[in-house]
Structures are given as structure tokens and as C-alpha cells.
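Colleague: I need the structure of the sequence given here:
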Amino acid sequence: MATWTQNEPTGVTKRRRWNLEDRASLNKLKNHIAEEGCPQMQYDLAKELLENAIEPNLAKGNQNQKAVNWLVSAAHNGHEDAAKLLRKCYNDGSGITAENADEVRRCLAMTPGERAARKAARELFACLSNGNEHITPKQLERKMRRIYNLQRKRRRRDDDRSSSSSEGEQEPECEPLEDRATIGLSNVERRRFITEAHLVTAASNYSAGQMPSVNEALTLSVPDPRSLDHVPCFYRMIFHPLIFFTLFYHRLLNLIVSVPNVIPLSVRCSVLVALSWWSTRHMLPLVSYYLSLGVMVWATCKMLKTKQQFVDFRIWSGLFLSYGDNNIEADIAEQRFLRNNMKPYLYYFCAFICNLIVYPLVTDAWLPHSELTIVSGALTFLTMGVSMYASSHRLPDWLVIVSFAVNVLAKYPYEMDEVVSTRWRFLDLRVPTFSSFVIGNGIEFCLNCRTALYLVIPVLLVMMAKRSRWHGVYTFLIPHCVTLSWLQVCIATSQSATMFGVMRAALGMAGIVLFLPLFGIVALLVPVFVAIDSLGLASEELRWGSTALACGLVVVLSCVLALNRATQKYITMLQLIMAVTTACLLVFPYMTSSFKDTPRFNAMPRVGLHSLSEVDTLHWDRFHSLCAQPVQEQPNKIKAQLRCSHLNGMAVTWEGSISKVEISGVSNMLEDVIVNYLPVWLARILRCMHGENISQHFLCDPKLDAQCEEWQRVIKTLKAQSGSCTLQRWNRYEYELLVKVGTIKSGRLLGRSTHTDVILRAHHDFGNFTRRLNEGDVVLFYGTLHNSRLLADRVQVQLKTIECVNCQSKDLGTASIERAMPASPMDARLQDLMRGIKYLLNALLNPLITFK
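Modeller: Next up is the predicted model:
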């Protein structure tokens with residue numbers, strides 16, 4: 001090495017030349033290189049200063065102090081020999097002053113890995129910043145993801161392929177910082193920048209096994225929470241299902257994890273004190289059970305969030321390894337991170353033990369076993385899935401799967417399973433089948449070898465813990481024990497669960513997860529179903545085809561509107577309006593109907609003749625004496641008529657015999673519209689689309705029916721005039737039933753004839769019932785008095801319910817248009833505690849050891 005010469009060189013070239021004879025210039029060059037950050041040169045200068053090889057004119061104390069400063073700089077840059085020499089100087093007190101003592105102690109307190117990580121952070125910042133004072137989170141995030149993906153591919157490749165493709169795995173090139181002119185001044189002011197100090201602090205946190213604070217500004221293993229903001233909320237699962245479920249999963253975890261932070265500590269303590277003070281002997285186990293279950297759920301979500309943060313931590317490891325040297329202690333830092341996040345596991349297992357202790361003390365009526373089975377089963381498979389893919393391998397961890405399967409086979413309650421005890425356990429030897437042979441023998445093996453299965457479980461757990469020089473205890477074993485704990489809760493609660501309850505809980509959980517997508521689909525398709533149903537297409541094939549075509553068109557149109565930037569912000573509001581409008585159309589008939597008789601009718605049992613007649617309604621004898629008889633017998637009927645006019649709408653329950661049944665009115669709105677407002681050719685087409693062939697109503701045999709041929713000629717003429725189709729299936733009929741009320745039985749009671757003709761006005765829904773009635777049939781009916789002909793000789797009743805008492809058609813029952821509505825406290829606590837401890841020990845040690 002030499003210095004630059006000031007003499008003008010001869011020749012054409014203008015390059016400067018080194019002068020190797022000037023010792024002072026050489027020392028200046030070394031100082032210049034050391035000041036530029038070269039750790040080796042800093043170490044060499046410090047060593048020469050300590051040996052008094054350079055600058056002999058300086059005092060010995062000043063030389064040592066300057067050497068210590070160079071050693072500190074070299075150690076900060078990851079030079080381990082400089083750190084060793086600095087420790088020697090610190091122990092000897094050589095060059096240590098009051099000004100640099102704190103800096104030296106901080107430098108020596110760092111581990112080699114931390115110093116190497118800090119050096120890598122400085123090199124990373126120099127590479128990304130290109131001379132600027134800061135870098136952007138997006139730039140750092142892109143770099144980290146690229147390096148992490150390259151390292152994952154390298155781990156998954158074989159040795160022979162990795163050697164041949166080493167060129168493609170080199171460190172990525174540096175990326176320039178975005179120009180301020182391109183992103184705009186306003187965006188620059190809102191953007192959060194990362195400086196070199198931030199990255200150096202992140203390196204220190206990383207070495208200590210803590211998540212770097214810079215990670216809060218990054219989205220490494222989790223999609224950006226705002227990545228789907230541009231998509232309407234009802235279409236996010238359709239367009240981006242993977243991102244939708246990933247964001248939902250992480251948002252749910254963050255929500256559950258943040259619950260203790262939302263509730264102040266004073267409120268939590270007050271609630272616990274109040275529960276412990278007010279809880280009786282029977283309430284204390286219930287409160288403890290639900291409290292421990294809540295802690296288990298919270299701790300599990302905290303563990304899952306820690307697993308996700310561990311993926312981010314490994315991405316930081318890849319970043320520092322890419323820019324650092326061999327002194328980067330990535331494995332040690334990752335193990336420290338896992339050890340630092342063991343507190344949720346402690347909370348979980350304490351709550352789990354408490355939950356098992358109090359479970360047998362809680363009454364089954366206070367526990368939703370089906371819902372608890374679904375929740376615990378979901379958490380079982382969720383925690384198992386996270387622990388199976390803890391490493392970067394594509395295939396799941398086989399040891400986790402085998403251990404889970406052995407635990408299921410060993411702990412499943414075969415004796416309490418009805419299917420096992422009645423079918424598979426006792427094989428049918430007379431008619432053997434493949435399923436009975438395989439499954440039956442498998443169950444028999446599990447029943448007879450449960451002790452062997454229990455002995456295999458510790459072996460598998462030890463194999464899991466021995467991984468990575470026993471670091472697998474908190475990497476694999478403890479998370480797997482969480483899975484097995486949830487499995488135990490699932491098995492315990494499933495013993496009292498019902499099939500319908502499990503289905504209800506599963507549908508409820510699916511509804512919570514898929515609420516917005518399902519609501520969006522329903523809001524789109526229900527209007528289509530209502531519109532198709534209102535058309536009343538006669539052909540089943542035409543109805544299904546029209547429905548499928550209309551649904552497809554609506555879904556495609558909504559997707560196009562959702563993708564269009566001009567309309568995507570209005571599509572959600574449009575769907576909500578459509579859903580509200582459809583709901584109003586569906587409930588409009590119920591909203592506009594009169595419910596003034598509903599309380600009386602709902603108070604009346606529909607089934608049973610005696611229960612029907614005992615309802616608090618106006619009986620016939622009373623009505624006859626107050627209204628019917630005075631109107632018939634008195635010369636001046638006005639007074640009785642005015643009094644009886646107030647009985648309009650009053651409920652009655654009378655019995656009588658049928659005298660006549662007829663149709664009193666017909667209405668067909670569709671026929672009126674087609675005949676009055678459409679041309680003839682279009683009317684014929686619509687009649688055939690919505691109606692049926694008129695010949696179907698006149699199928700007869702001329703040998704049996706004398707008028708058959710005459711009817712056929714008339715129908716032929718009718719077809720020539722108006723077409724071959726009819727819309728009579730859309731007719732709405734009103735029926736009148738003439739009933740004689742007040743028979744000889746009631747006449748004997750009063751000493752005179754009390755029978756009167758009553759007209760029952762029946763709705764279209766009574767058509768099937770009224771068509772089978774015959775003269776003389778005795779019926780019991782319930783309805784309301786009608787004012788139109790109340791004061792005439794024949795009383796009118798609006799029919800609500802009719803029941804056949806004595807009819808020629810024996811299968812006639814009831815028809816209706818509405819539905820009816822139908823020791824010492826301390827000893828007791830100790831005994832409960834012993835029962836809970838026995839249950840816990842049985843859950844852990846059964847069948848090897850059983851506590852009764």
C-alpha cells in the first residue's frame with residue numbers, strides 16, 4: 001500500500017500512482033480505510049497502537065485510548081478477534097477511561113451473534129438505501145420475502161441439485177429507493193420510513209430472541225389487512241378465497257388475543273372477586289369451568305399467533321444470514337424466541353388442569369356439550385395442523401400424525417359408544433362382510449391392546465422431544481401436548497353430545513365464518529327465486545332451467561359490477577337494498593293481514609274435539625238467546641239488531657250438520673291480465689307456459705259416460721276459439737257451506753227449536769276439505785262472526801278451523817288456515833376437589849391406573 005503522489009505522471013494516462021516508500025502516507029491510508037468502516041484495518045491499527053508501532057510521539061495512555069476506540073468500532077462490525085482483544089484491554093484497564101468505559105461494557109455485553117447481526121443490519125441498510133438516509137417498509141419487505149423464498153427452495157432441494165443450481169441462489173441485487181418525485185410529497189410525508197438505527201435495534205432484538213419492533217410496519221407471512229379493501233365485502237371470498245380466509249383467521253386471532261387488553265385490570269379483578277364472593281358451592285365449579293375454558297381458548301390463540309410470529313422471525317433469520325457471516329447465531333436466536341414465548345403454554349396447562357378437575361362437578365344441564373365438542377375439535381385440528389407444518393418441509397410431520405392417531409385409538413371411549421357395543425364389537429359370524437371383518441377386528445384390537453397403545457405414547461413423545469438436541473421440547477413436544485389436551489376435552493364433551501346438537505354447532509360455526517359470503521349469495525339469489533316463483537311456470541323443467549339461467553346471469557352481472565371500478569363501490573349497497581326489498585315482499589302478506597283474532601285462536605287448541613269446544617268463545621245457546629231468537633220472533637227487531645251488530649269479529653265455536661256446499665266466487669288475476677291487456681297470439685303462448693292442457697279435465701270413457709262425446713265436441717270447439725290451454729290452475733275459489741246449527745239436542749235443553757242456518761265462508765285453502773264434504777256430515781267449526789249478513793235470517797261466519805265429527809269420508813280430519821302457538825360446606829368442597837383430582841388422574845393414567 002502507498003499514498004497518492006502529487007506529482008503529475010508522465011505518459012497519456014492520468015491515473016494516480018502509489019508511493020510505497022512514504023511510511024507516514026501509508027499510515028494515513030490505513031486511517032482512511034479504517035474510518036471507512038473496514039473492521040480488519042481497525043483491528044490492525046488498534047493492535048499497532050497497543051504495540052506502539054505507529055505514532056510513537058503520542059503518550060502511552062492516548063495510544064491505548066485510541067486503540068480501544070478502534071477495537072470498539074471493529075467489534076461492532078463483527079470482528080471477533082477485536083472483541084477478544086478489547087476484553088483483554090478492559091480487564092487490564094489499558095485505554096479505559098470514564099468517557100469510553102460505558103461503551104466498552106455495552107460492546108462486551110453483546111454476544112458474537114448480536115455483533116454479527118448488527119453488522120449485517122448496517123450492510124443491509126447500505127445496500128438498500130444507496131446513500132439515502134432511509135428505506136421504505138415495502139422495499140425491506142420485498143427483499144425479506146425474496147431471500148426467504150430462496151432459502152426455502154434451497155432447503156427443499158437435494159444435495160446434487162443444490163450444487164448445480166448455486167448460481168441462481170446468490171444474494172439478490174440491491175434495490176434503489178423510490179424517488180420522492182415519483183411517489184409525491186404528500187405520500188412521502190405519510191409514509192413511515194426505516195432508518196439505520198431502526199435496523200440496528202432490530203438486530204439487537206433479534207439476537208435476544210425478541211420480535212423486532214420494525215416488524216409491526218411489515219406484512220411478511222400475513223397478507224396486508226388492506227389487500228382486499230378494493231373488493232366489495234360480499235365478493236371477497238369469491239374472488240380471493242385464500243386471502244379472505246387467511247385474513248379472517250388472523251383477525252379472529254388478534255381479536256381474541258386482545259380481549260384482556262380491552263378489559264382494564266381493575267375490572268377483571270372486580271369481576272373475579274364478585275364471582276368468588278357470590279358463587280355458591282354449586283356455582284363455583286361452573287364459574288371455574290367456563291373461566292378456565294376461556295383461558296384455554298385465549299392461550300391457544302396466543303400460541304397460534306406466536307407460531308405465525310415465529311415464521312416472521314425465521315424470515316428475519318434469513319435476512320441476517322444473507323448479509324452476515326458465520327457468526328450469525330440464527331438457531332440460538334430462534335430457540336430464544338420460542339423460550340421467551342412459553343408463558344401462554346403455562347397459562348394453558350394450568351387452565352386445562354383446572355378444567356379437568358371441575359368438569360365432573362358441573363351439572364350436565366349447564367354445559368352445551370355439542371357446541372363444546374365442535375369448538376374443541378376445531379381447535380384440536382387447528383393446533384395439530386399448525387404444529388405439523390412448523391418446519392419448511394412440504395410434507396407434514398409424520399411423528400405428529402402418528403402420535404395423534406395413537407392417542408385417538410387409546411383414549412376413545414369404546415365402551416360408551418353405542419355403535420361399537422351393538423354392532424362392531426360383536427361380529428355377525430353368520431353373514432360376514434368386509435367392513436365388519438376389518439373394522440370389527442380393528443376395534444377388538446384397540447380394546448384388547450389399549451395398554452400397549454398407552455405405552456407407545458411416551459415413546460413417541462420422547463422421540464419428539466429429542467429433536468434438535470432436545471430443543472424439540474418447546475418446538476414440537478409442548479405444542480403437540482396442547483393438541484392432545486384439546487383432544488381430551490373433545491372426547492370428554494362428546495360423550496354427552498347429540499347428533500343434532502353437533503350438526504347445529506357445526507352449522508353455526510360455518511355460518512360465523514361464511515356469514516358475509518352467504519349473505520351476499522342469498523341477497524343475490526333470493527330475489528331470483530321469488531321472481532321465478534311469481535311467474536308460476538307450469539313445466540318443472542322450464543322452472544328449473546329458468547331458475548338456473550337467471551341465477552347464472554345475476555351472479556355474472558354482479559361479478560362484472562364488482563370488478564368495474566366505477567360500480568364496485570355501489571354493488572354492496574345495491575345488494576342490501578335488494579335483500580331488504582325481497583324480505584319486505586316475503587313478509588308483506590303477514591304484515592298486512594289482520595291479527596285481531598290471533599290471540600283467541602292461538603289460545604284454542606286445534607287438535608281434539610273436546611279441547612276445541614272448551615275455548616272461551618261465544619257458544620250457540622247464548623248467541624241464539626241473545627240475537628237469533630229475538631230477531632226471528634220480536635215484531636220490532638231494531639233493538640236486537642243494534643245490540644248484535646257489536647258482535648262482529650267475535651270468535652265462535654259451534655257444531656252443526658252440512659246442508660249444502662257450493663262455490664261462491666272465483667278470481668283469476670293472471671287470466672284477467674292476459675285477456676284484457678295482451679294480444680291473442682301472445683295470450684295463447686302465455687296460457688300454455690303458465691297453464692295446462694284443457695283436455696286433461698275431460699278425460700272420459702264414452703261407454704261409461706253418456707255425455708262424454710258431447711263434452712269432447714264442445715271442447716274441440718273451445719280449442720278452436722281460445723286455444724288448447726287453460727289457466728284454471730290459477731283460480732282462487734271462495735266456498736260457502738250452509739250448516740244447520742242448533743239441533744234437537746239443544747232444543748230439548750231449552751224446550752223449543754233452536755236450530756238456524758249458518759253460512760260458513762271458507763277460504764281457498766279449504767278446497768280439499770270442502771270438496772269431500774257430503775250432506776248430513778256433522779262438523780265442529782271455529783271462526784269469527786261476519787257483519788255483512790249478521791242481522792239477516794242466516795248468520796255468516798268467516799271460517800278459521802273446521803273439524804269433522806261424523807262424516808261419510810272417514811279420513812277427513814281437521815283443516816285450518818292458521819297455526820296454534822304451545823355435610824358441612826368445607827367437607828363438601830373437599831369431596832368435590834377429590835372427585836375432580838380423581839377425574840384428572842383417570843384422564844391421564846387410565847387404563848394403566850384407575851381411581852374409583
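Colleague: phi, psi of residue 38?
Modeller: phi -80, psi 110 (degrees, to the nearest 10).
Colleague: neighbours around it, how many?
Modeller: Neighbours of residue 38 under the rule other Cβ atoms under 10 Å: 18. Any C-beta I mention is one placed from the backbone N, CA and C, and that applies to glycine too.
Colleague: look up how far residue 327 lies from it.
Modeller: 17 Å (Cβ to Cβ, to the nearest Å).
Colleague: now swap in residue 531 and tell me
Modeller: With the distance defined as Cβ to Cβ, residue 531 ends up 72 Å from residue 327.
Colleague: cool, and residue 112?
Modeller: For residue 112 relative to residue 327 (Cβ to Cβ), the value is 5 Å.
Colleague: any common contacting residues for these two?
Modeller: Contact with both residue 112 and residue 327 is made by residues 78, 80, according to Cβ atoms under 8 Å, 6 or more residues apart in numbering.
Colleague: where in the stretch 1-150 of the chain is pLDDT low?
Modeller: Low-confidence segments of the stretch 1-150 of the chain (pLDDT under 70): 1-27, 52-61.
Colleague: 80 instead, please
Modeller: 1-39, 42, 48-65, 76-80, 94-96, 100, 131, 148-150 (pLDDT under 80).
Colleague: in the chain, where's the longest strand?
Modeller: Ordering each strand of the chain by length in residues (DSSP state E) puts strand 651-667 first.
Colleague: next, the buried residues of it.
Modeller: Using 16 or more other Cβ atoms under 10 Å as the test for burial, strand 651-667 gives 651, 652, 653, 654, 655, 656, 657, 658, 661.
Colleague: first to last residue in stretch 219-228, what's the distance?
Modeller: With Cα to Cα, to the nearest Å as the measure, stretch 219-228 spans 14 Å from end to end.
Colleague: what's the weakest-modelled helix or strand in the protein?
Modeller: The helix or strand of the chain with the poorest confidence is strand 3-4; it has a mean of 36 (mean pLDDT, DSSP states H and E).
Colleague: so what secondary structure elements neighbour the helix or strand where residue 544 lies?
Modeller: Element membership for residue 544, per DSSP states H and E: helix 540-563. If contacts are counted by 3 or more Cβ pairs under 8 Å, 6 or more residues apart in numbering; DSSP states H and E, helix 540-563 sits against helix 236-239, helix 515-535, helix 568-592.
Colleague: can you pull out the strands in this structure?
Modeller: Here the chain has its strands, by DSSP E, at 3-4, 18-19, 651-667, 692-693, 725-726, 732-741, 756-762, 778-786, 795-806, 814-816.
Colleague: pLDDT below threshold where in the stretch 601-750 of the chain?
Modeller: Low-confidence segments of the stretch 601-750 of the chain, defined by pLDDT under 80: 601-619, 621, 624-647, 649, 670, 685-707, 709-712, 715-724, 742-750.
Colleague: please read the previous query as pertaining to the stretch 201-350 of the chain.
Modeller: Looking at the stretch 201-350 of the chain by pLDDT under 80, you get 224-225, 227-241, 262-284, 324-327.
Colleague: and the helices in it?
Modeller: For the stretch 201-350 of the chain, the helices defined by DSSP state H, counting those that start in this stretch occupy 236-239, 241-257, 259-262, 265-278, 283-323, 330-340, 343-358.
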